[in-house]
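# Just need the structure, nothing else, for what follows:
(one chain, ligands or ions: 1)
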Amino acid sequence: MSSSDEFVLSAARYGKDKVRVFRIVRDPAAGVHHVVEYNVKVLLEGDIETSYTQADNSVVVATDSMKNIVYYLAKISPHILVPERFALHLGTHIVSKYAHIHKAFVTVEQLRWSRIPINADGSDGGEHPHSFIRDGEEKRVVKVEVDATKGKGKLVAKASAGIVDLLVLKTTESAFTNFIRDKYTTLVEVDDRILSTAIDLEYTFSPIEIASPTDEAKEEFVVPTDISTGTLFDTSVPTRARASTLRIFATDNSASVQATLHRMASAILADNAAVTSVSYALPNKHYIPVDMRYIGLENLKPSEAEVFTPVAAPSGLITATVSRKTA
Ligand SMILES: O=c1[nH]c(=O)c2[nH]c(=O)[nH]c2[nH]1
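Numbers count the residues shown, from 1 in each chain. Got it, this is the predicted structure:
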């Protein structure tokens, strides 16, 4: 028996990653420019097996073409400024155009460009109409899967969104005690420590069904108005999720990263009816007090230590998903 009869292609998905795109939307009436910068990933599934098993490229939408579709929709999409809507437009466009492509997985990572807080005439305050600042390396991330396996007329979109690389630190109101002590334990209990993490947050929405756009309307794809509130298109969710994450990080008297994570996730579920589950991945970025007894200085008492070594690796990594109970 040849090896090709013995094996089966059990999964295949391909596409373009790291498509970098920047778009200006000019509003001459208001005298204001809006900008977005995205890193886009688009992966496809469908009747593409023969490209792997028989070197048959006739089923392949070139990844280069996918990159060009991203640029094209960045130019013409009415949804470009809202990553959730743009991701849905992109996924919908691709599965509608190519009959043999059954699913599109779109990830849009949005880099920060905030308005420089100065007026156009140079006076303080306000927000500049066309000058921006990269105020942090945190990124907003949106993931949309458009599923055409129920037929091209009836698309199902699954979506999640969130934040990565939101770096935070607090200098007190964090403790870690009562953990298992055995022959492997060297960590001392602390009732006061630095807590720092790079927040990775993902919240998931209920799947939505959308009618596939007709050929003529494919490019002007309009997000249906009846699903524009209480869903992934509720643009107040990202603002609330970020604000409550920061509020709880700052104010929680933390017993552990695990306990603080659970409070942050529960708050997002409580505040956002459209969200069905919330996941965090929180590295525990350790700051170790420097032992300064070599020079006769006290620097080890947790609540009084002043000089620390930030330790890049290893770090703890605390993850969890909190979901609504199903009745
Ligand atoms: O908040 C914490 N959770 C842990 O599970 C853990 N483990 C550890 O060594 N330090 C910490 N801190």
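# The nearest residue to Ile248 once chain neighbours are set aside and Val8: what is the separation?
In this structure, Ile248 finds its nearest non-sequential neighbour in Met264, 4.7 Å apart by CB to CB, 6 or more residues apart in numbering. Where you see a C-beta, it was placed from the backbone N, CA and C, and this is true even at glycine. Remark: distance between Met264 and Val8 (CB to CB, to the nearest Å) = 42 Å.
# Which parts of stretch 291-302 count as buried, going by neighbours?
Judged by neighbour count using 16 or more other CB atoms under 10 Å, the buried positions of stretch 291-302 are Pro302.
# Could you do stretch 272-279 as well?
Asn272, Ala274, Val275, Thr276, Ser277, Val278, Ser279.
# So Met264 and Val8 - more neighbours on which side?
With other CB atoms under 10 Å as the criterion, Met264 and Val8 differ in neighbour count, and Met264 comes out ahead with 24 against 8.
# what residues are up against that one?
With contacts defined as CB atoms under 8 Å, 6 or more residues apart in numbering, Met264 is in contact with Leu201, Ser244, Thr245, Ile248, Phe249, Val278, Tyr280.
# Please report which of the residues you listed has the highest neighbour count.
Note: the member of the contacts of Met264 with the most neighbours is Val278, at 27 neighbours, neighbours being other CB under 10 Å.
# and the chain, which of its residues are near the ligand?
Taking CB under 6 Å from any ligand atom as the test, the list of the chain residues beside the ligand reads Phe176, Leu187, Ser256, Val257, Gln258, Asn284, Gly316, Ile318.
# residue ranges of the strands in the stretch 201-327 of the chain, please?
Residue ranges of the strands in the stretch 201-327 of the chain, as given by DSSP state E, counting those that start in this stretch, are 208-211, 275-284, 287-289, 308-310, 316-323.
# How about the contacts made by Tyr52?
Here Tyr52 is in contact with Leu9, Ala12 (criterion: CB under 8 Å, 6+ apart).
# Can you pull the phi/psi pair for it?
In terms of degrees, to the nearest 10, the main-chain angles of Tyr52 are phi -90, psi -40.
# Check it and give its pLDDT.
We have a pLDDT of 98 for Tyr52.
# From Val59, how far off is it?
As judged by CB to CB, Tyr52 and Val59 stand 10 Å apart.
# now do Val25
Here the criterion is CB to CB. By it, Val25 lies 36 Å from Val59.
# where does the stretch 101-250 of the chain have low pLDDT?
Regions of the stretch 101-250 of the chain meeting the criterion pLDDT under 70 cover residues 214-233.
# which residues sit in contact with whatever residue of it ends up closest to the ligand?
In the stretch 101-250 of the chain, no residue comes nearer to the ligand than Phe176, which is 4.3 Å away by CB to the nearest ligand atom. Residues in contact with Phe176 (CB under 8 Å, 6+ apart) are Leu187, Glu189, Val190, Arg193, Ala255, Ser256.
# Tell me which of Val25 and Val59 has more neighbours.
For Val25 against Val59, the residue with the higher neighbour count under other CB under 10 Å is Val59, and the figures read 16 against 12.
# returning to what we had before: specify the stretch among the strands of the stretch 201-327 of the chain that is closest to Tyr14.
With distances scored as CB to CB, the stretch of those nearest to Tyr14 is strand 208-211 (24.4 Å).
# helices or strands next to that closest one in the packing?
The contact analysis (3 or more CB pairs under 8 Å, 6 or more residues apart in numbering; DSSP states H and E) places strand 208-211 against strand 154-170.
# List the pairing partners of the strand it packs on within its sheet, with orientation.
In the sheet containing strand 154-170, the strands it pairs with under DSSP bridges are strand 139-147 (antiparallel), strand 195-205 (antiparallel), strand 208-211 (antiparallel).
# related to what we said a few turns ago, ok, of the residues of the chain next to the ligand, which come out buried?
If you count burial by 16+ other CB under 10 Å, the buried members of the residues of the chain next to the ligand come out as Phe176, Ser256, Val257, Asn284, Ile318.
# Counting neighbours, which bits of stretch 10-26 end up buried?
Neighbour counts over stretch 10-26 (16+ other CB under 10 Å) mark Gly15, Lys16, Val19, Val21, Arg23 as buried.
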